[in-house]
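Here you go, sequence then predicted model.
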Amino acid sequence: MILKSPQSKTFRHVYIAGIPDKRFDISIQNGRFASITESNPHPAEVVDGVQDLWINPGVIDLHTHLAWTDFDHDDQLKRDPHEVEVMQAQAFEATLRTGVTTARDAGGLPPAAVRHIAEHYGPSLRVQTSTDMLGAADSRGLQHLEQRLKGIFESGAQWVKIMATGGLGAPTEKVADPNFSEEEFHFIVRHAHAHNKKVMVHTWGGVTIDWSAAAGVTSIEHGMFLTEDQAGRLAEAGVAFVPTASIYRIAADPRGVLALPQVICDRAARAVEAHPKAIEYARKAGVRLGFGTDYATPALHGHNLQELDTLTDYGLTWSEALKSATSTAAEILGSGYELGRIAEGYLADAIIFDADPYRAKNADELQKSIVTVITGAV
Ligand SMILES: [Zn+2]
């Protein structure tokens, strides 16, 4: 069940996930946590048969593509526009239902579409957008980039997304080659920052990771070929790392939900091979690791929690993985002052579980213990 912006609501004797052995009374007013107090330990008041509940901050997915309906963009163009819109609304709904209350869209979704979906379909997913990605086709000099950025700023996006290298579509030996000149890359970041836009950089590895650290972007995405030295530089520069690790496992499986051609599966398999090392380097260096899925098709939206399993398989503890999706993700968004924690004054974005989420064995168990998803003030 999804509770949209409950104006006022009180939870009694609930656990706050991550704080063992204490129960709290929590009241929500105007979509924010108004008061959180430890419950009086009156055993008689906690009657038998009353369900134990845990409240956890809503999950923040730092890398989604809510507007995409097909792996191949040409397939989306063949669809009827109304069908596309309905599918996008379903993506919002599925994402919210799995406990993701905030998403950062990594390209394809303009703010106007978010407003339209909220008005006509109602899902109250909180979304930050980057509108259009800047990619290889935009490496046409500074004047062209200035025009493209103008369009992105005017759309109202909070982020600028740079496709600094290729991805699954690029031949293995070329995937770390930069799509832009160093001058163009730095121009984009400078210009974005001058307009108070944050920058997220798609890069599989190579020199664009160094450029990202030097330019002080907010996050790099994917980064499977990150080296140990580069991890140190990211940490020093305060640049976050959003590995989006699970999508490459899914893409590498020719019988998986994406069912991609063998050559693409092989490229994904190389990414899968490299990712655990990159994450280990980042973790050791103290780079902020953020939860992001890169999920972009109906078969994937709503399965976002799977990323937690991959992050733990690659060396994070379960509790680190949960934090990468809540408090750390909120800090990466620059919203750490009102998102990602159950605290007074914070937005009431939360998941109610009927089992301790910190003790879940995996994403599937976590998913099954969701009772309600709450979204707070708009
Ligand atoms: Zn992406």
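In hand now; what should we look at?

The helix or strand harbouring Met200 packs against which elements?
If you go by DSSP states H and E, Met200 is part of strand 198-203. In terms of contacts (3 or more Cβ pairs under 8 Å, 6 or more residues apart in numbering; DSSP states H and E), strand 198-203 is packed against strand 159-163, helix 182-194, helix 207-215, strand 219-222. To be clear about C-beta, it is placed using only N, CA and C from the backbone, and glycine gets the same treatment.

nearest to His301, of those?
Of all those, strand 219-222 sits nearest to His301, with 18.1 Å by Cβ to Cβ.

Distance from the chain centre to stretch 344-364, please.
16 Å (Cα atoms, centre = their mean, to the nearest Å).

Would you mark the buried spots in it?
346-353, 355, 357-358, 360, 363 (16 or more other Cβ atoms under 10 Å).

residue contacts, the residue in the stretch 1-150 of the chain positioned nearest to the ion?
Here the residue of the stretch 1-150 of the chain nearest the ion is Ala106; by Cβ to the ion that distance is 4.3 Å. Remark: with contacts taken as Cβ atoms under 8 Å, 6 or more residues apart in numbering, Ala106 is in contact with 63-65, 130, 133, 161, 200, 202, 221, 292, 294.

repeat for Ser327
Counting by Cβ under 8 Å, 6+ apart, Ser327 has contacts 57, 336, 340-341.

what do you get for Val207?
So, once contact is read as Cβ under 8 Å, 6+ apart, Val207 ends up touching 176, 178, 182.

Select from the contacts of Ala106 the one having the most neighbours.
Gly292 (32 neighbours; other Cβ atoms under 10 Å).

right, and it touches Asp61 too?
Yes - the pair Gly292 / Asp61 is scored as a contact, 6.0 Å apart, by Cβ atoms under 8 Å.

Mutual contacts of these two, please.
104, 307.

List the buried residues for the host helix or strand of Phe92?
For Phe92, the enclosing helix or strand under DSSP H and E is helix 81-97. Neighbour-count burial for helix 81-97 flags 84-97 (criterion: 16+ other Cβ under 10 Å).

Quick one: these as CSV, columns for pLDDT and distance to the ion too.
Shown next, in CSV, are those (pLDDT from 0 to 100; distance: Cβ to the ion, whole Å):
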residue, pLDDT, distance to the ion
Val84, 92, 18
Glu85, 93, 21
Val86, 94, 22
Met87, 94, 18
Gln88, 94, 16
Ala89, 95, 20
Gln90, 95, 19
Ala91, 96, 14
Phe92, 95, 17
Glu93, 94, 20
Ala94, 96, 17
Thr95, 96, 14
Leu96, 95, 19
Arg97, 95, 21
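
And the pLDDT for the residue of the stretch 1-150 of the chain closest to the ion?
Note for Ala106: predicted pLDDT of 97.

ditto for Gly49
59.

ok, now Ala136?
Predicted confidence (pLDDT) for Ala136: 96.

do the same with the one 10 residues further on
The per-residue pLDDT reported for Glu146 equals 98.

That one contacts His191, correct?
Yes - if you go by Cβ under 8 Å, Glu146 and His191 touch, sitting 6.7 Å apart.

More neighbours: which of the two?
Applying other Cβ under 10 Å to Glu146 and His191 shows that His191 carries more neighbours, namely 18 against 12.

who's in contact with the residue nearest to that one when sequence neighbours are not counted?
Excluding the flanking residues, the one nearest His191 by Cβ to Cβ, 6 or more residues apart in numbering is Leu149, at 5.4 Å. Contacts of Leu149 were listed using Cβ under 8 Å, 6+ apart, and they are 134, 160, 188, 191-192, 195.

which element is Leu149 on?
helix 142-155.

now that helix against helix 182-194, angle please.
30 degrees (axes from the mean of the first three to the mean of the last three Cα atoms, to 10 degrees).

Extract the C-alpha set from helix 142-155 and format it as CSV.
As requested, C-alpha coordinates have been extracted for helix 142-155 and formatted as CSV (Å, rounded to 0.1, in the frame of the first residue of the first chain):
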residue,chain,number,x,y,z
LEU,A,142,31.8,24.9,-27.0
GLN,A,143,29.2,27.0,-28.8
HIS,A,144,27.1,23.9,-29.5
LEU,A,145,27.5,22.8,-25.9
GLU,A,146,26.4,26.1,-24.7
GLN,A,147,23.2,25.9,-26.7
ARG,A,148,22.5,22.3,-25.5
LEU,A,149,23.0,23.3,-21.9
LYS,A,150,20.7,26.3,-22.4
GLY,A,151,17.9,23.9,-23.3
ILE,A,152,18.6,21.7,-20.3
PHE,A,153,18.7,24.7,-17.9
GLU,A,154,15.4,26.0,-19.4
SER,A,155,13.7,22.6,-19.0
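
Thanks a lot, see you next time.
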